[in-house]
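1. Generate a structure from the sequence data that follows.
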Amino acid sequence: MLTQHEAQVGGSHVELTPLSETVWRVCDDRCDDGDTRKLIGYLQLIDDEVEMMWMRPRPGVCYRYRSIEEAVRAVALRHALVASDHR
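-> Here you go, the predicted model:
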């Protein structure tokens with residue numbers, strides 16, 4: 001199981017918190033607890049892939065990646081783009 005993991009890509013801070021052996025909560029570590037912008041979505045291992053379910057800007061949108069590292073990089077980059085449009 002992965003421990004808490006942080007990645008910084010292009011100025012976007014993504015924090016992963018394990019919820020189980022196959023699921024992680026994905027948050028923006030720049031936001032305070034209680035800020036609705038903090039939760040980005042959830043990563044889940046499904047078979048040999050990692051699925052990211054976004055909770056914003058539109059809940060329920062899912063993307064699949066080949067590895068947790070690829071997912072974190074892609075999430076950080078996409079989040080940086082989305083966050084810059086909505087802040």
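2. elements contacting the helix or strand where H79 lies?
-> Here H79 sits within helix 68-86, counting by DSSP states H and E. In terms of contacts (3 or more Cβ pairs under 8 Å, 6 or more residues apart in numbering; DSSP states H and E), helix 68-86 is packed against strand 5-9, strand 12-18, strand 23-28, strand 39-46, strand 49-54, strand 62-65. Quick note: C-beta positions are derived from backbone N, CA and C, even for glycine.
3. Mean neighbour count and mean pLDDT for those - can I get that in a markdown table?
-> Output for the helices and strands packed on helix 68-86, formatted as a markdown table (neighbours: other Cβ atoms under 10 Å; pLDDT from 0 to 100):
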| stretch | mean neighbour count | mean pLDDT |
| --- | --- | --- |
| strand 5-9 | 14 | 53 |
| strand 12-18 | 19 | 81 |
| strand 23-28 | 20 | 91 |
| strand 39-46 | 19 | 94 |
| strand 49-54 | 18 | 94 |
| strand 62-65 | 14 | 94 |
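4. Dump the ones you listed into TSV; add distance to A71 as well.
-> Below are the helices and strands packed on helix 68-86 laid out as TSV (distance: least, Cβ to Cβ, whole Å):
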stretch	distance to A71
strand 5-9	10
strand 12-18	9
strand 23-28	9
strand 39-46	6
strand 49-54	4
strand 62-65	4
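5. L81 is nearest to which of those strands?
-> L81 lies closest to strand 12-18 among the helices and strands packed on helix 68-86, at 8.6 Å (Cβ to Cβ).
6. What angle do strand 49-54 and the helix holding H79 make with each other?
-> 20 degrees (axes from the mean of the first three to the mean of the last three Cα atoms, to 10 degrees).
7. Cool, thanks, talk later.
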